[in-house]
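Student: quick one, structure for this:
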Amino acid sequence: MDQPMSLEDIEAKHRKEKKELQAQIQGLKKIAKNDKTKKKELTTEVAKLESELELRHKEELAALENAPEDDDTASLEDEDEVPKVKVSKAQKRRDKKEQQEKERAEQIILQEKENRHGPRNIEIQSIMNKLKERKLSIFSISSDGDCLYQAVAHQLLATRSKTVSVEDLRKQVATFMRQNKEDFLPFMSNPNTFEMLTESEFNDYCDEIVNTKVWGGQLEIRALSNSLKCPINVIQASGPECIEQGAEFEGPPLIITYHRHMYKLGEHYNSTQAICESDS
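Tutor: Next comes the predicted model:
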């Protein structure tokens, strides 16, 4: 009859099995080295193998701890002197670390799925596909309230070699809107009362354009196009593929992109740039 395994025997067996599992994982990693799909599948498989091994080890330790004592041994030794099976602190730390690593791997998998199918990524992919047809790519603009004006400034430099500051663009927009108030006022309303802006509210709105980082929208794009006397095209994922403003003006259009889900704070504008042959 086989002798029951001691705690030392079981811990030695567990160490050996962990080493064997690590060797198996390394072999799987080599197979999936250049295959992104297999790499993602491997992460899930590794977490599963490690979890199964950890569970089996815990069950074996628990079985040893609850195993009935030998009658002869128990009669010769004092009850207080019977050794109790305890998991060492080092083993507990290793178990905790392994559990945290498995949970992290599972979270990464979940996050990758969410990112892949989330509205932000779907929107970006749609815009990128539309730009690719025009041999363009996204040029990222910082999100600080000036994104529309920064995108237009980048386009002016790229398409017309014209340098204009964000401050100057904001002043041009406010001036044009004041000079053409009757063309803008009917489309502007108070966000609280939903009534058309009063004369005073309209002036306050124009002051904010110049003196703050208030976000710009369709009305500001219209004012930019007219004050700069150049067409502006806005590429977006949903709705009309391209919103054209100032088609009556000559010259290449300033092409920017509109994102509804780029940042948690709300809408955002980016600029565009030509795709290099090496990039394509």
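Student: which parts of the chain are strands?
Tutor: 136-139, 232-236, 242-245, 254-263, 266-274 (DSSP state E).
Student: dump the ones you listed to TSV, plus mean pLDDT, mean neighbour count and distance to L21.
Tutor: C-beta: built from backbone N, CA, C; applies to glycine. Below are those laid out as TSV (pLDDT from 0 to 100; neighbours: other C-beta atoms under 10 Å; distance: least, C-beta to C-beta, whole Å):
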stretch	mean pLDDT	mean neighbour count	distance to L21
strand 136-139	95	17	43
strand 232-236	96	22	50
strand 242-245	94	15	55
strand 254-263	85	21	41
strand 266-274	91	19	46
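Student: can you lay out the ones you listed as CSV showing distance to P4?
Tutor: Formatted as CSV, the strands of the chain follow (distance: least, C-beta to C-beta, whole Å):
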stretch, distance to P4
strand 136-139, 66
strand 232-236, 71
strand 242-245, 77
strand 254-263, 61
strand 266-274, 66
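Student: and T163, what does it touch?
Tutor: 153, 156-157 (C-beta atoms under 8 Å, 6 or more residues apart in numbering).
Student: ditto for F187
Tutor: By C-beta under 8 Å, 6+ apart, the contact set of F187 is L219.
Student: can you tell me how far it is from Q172?
Tutor: 19 Å (C-beta to C-beta, to the nearest Å).
Student: quick revisit: and the strands of the chain: which comes nearest A63?
Tutor: strand 254-263 (52.6 Å; C-beta to C-beta).
Student: show me what the closest one is packed against.
Tutor: Packing contacts for strand 254-263, counted by 3 or more C-beta pairs under 8 Å, 6 or more residues apart in numbering; DSSP states H and E, involve helix 119-133, helix 147-160, strand 232-236, strand 266-274.
Student: could you list the low-confidence segments of the chain?
Tutor: Residues of the chain meeting the criterion pLDDT under 70: 1-3, 36-37, 40, 67-85, 105, 107-117, 262-266, 277-280.
Student: closest one to E167 among the strands of the chain?
Tutor: Nearest of these to E167, taken as C-beta to C-beta: strand 266-274 at 17.3 Å.
Student: and the closest one, what does it pack against?
Tutor: If you count contacts as 3+ C-beta pairs under 8 Å, 6+ apart, strand 266-274 packs onto strand 136-139, helix 147-160, strand 254-263.
Student: name the residues that touch it?
Tutor: With contacts defined as C-beta under 8 Å, 6+ apart, strand 266-274 is touched by 131, 135-141, 143, 147-148, 150-152, 154-155, 158, 215-217, 234-235, 255-260, 262.
Student: and with 6 Å instead?
Tutor: 136-141, 143, 147-148, 151, 154-155, 255-260, 262 (C-beta atoms under 6 Å, 6 or more residues apart in numbering).
Student: strand partners of it, parallel vs antiparallel please.
Tutor: When pairs are called by DSSP bridges, strand 266-274 turns out to pair with strand 136-139 (antiparallel), strand 254-263 (antiparallel).
Student: got the angle between the last one and helix 119-133?
Tutor: If I follow you right, that is strand 254-263. Using axes from the mean of the first three to the mean of the last three C-alpha atoms, to 10 degrees, the inter-axis angle of strand 254-263 relative to helix 119-133 is 160 degrees.
Student: including distance to I10, could the helices and strands packed on strand 254-263 go into TSV?
Tutor: As requested, the helices and strands packed on strand 254-263 are exported to TSV (distance: least, C-beta to C-beta, whole Å):
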stretch	distance to I10
helix 119-133	47
helix 147-160	62
strand 232-236	63
strand 266-274	58
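Student: which of the ones you listed sits closest to C242?
Tutor: When those are compared by C-beta to C-beta, strand 232-236 sits nearest C242, at 5.3 Å.
Student: extract the CA atoms of the closest one and return them as CSV.
Tutor: Written as CSV, here are the backbone C-alpha positions of strand 232-236 (Å, rounded to 0.1, in the frame of the first residue of the first chain):
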residue,chain,number,x,y,z
ILE,A,232,-13.9,73.7,-45.4
ASN,A,233,-14.9,70.0,-45.6
VAL,A,234,-15.8,68.1,-42.5
ILE,A,235,-15.5,64.3,-42.6
GLN,A,236,-17.6,62.3,-40.1
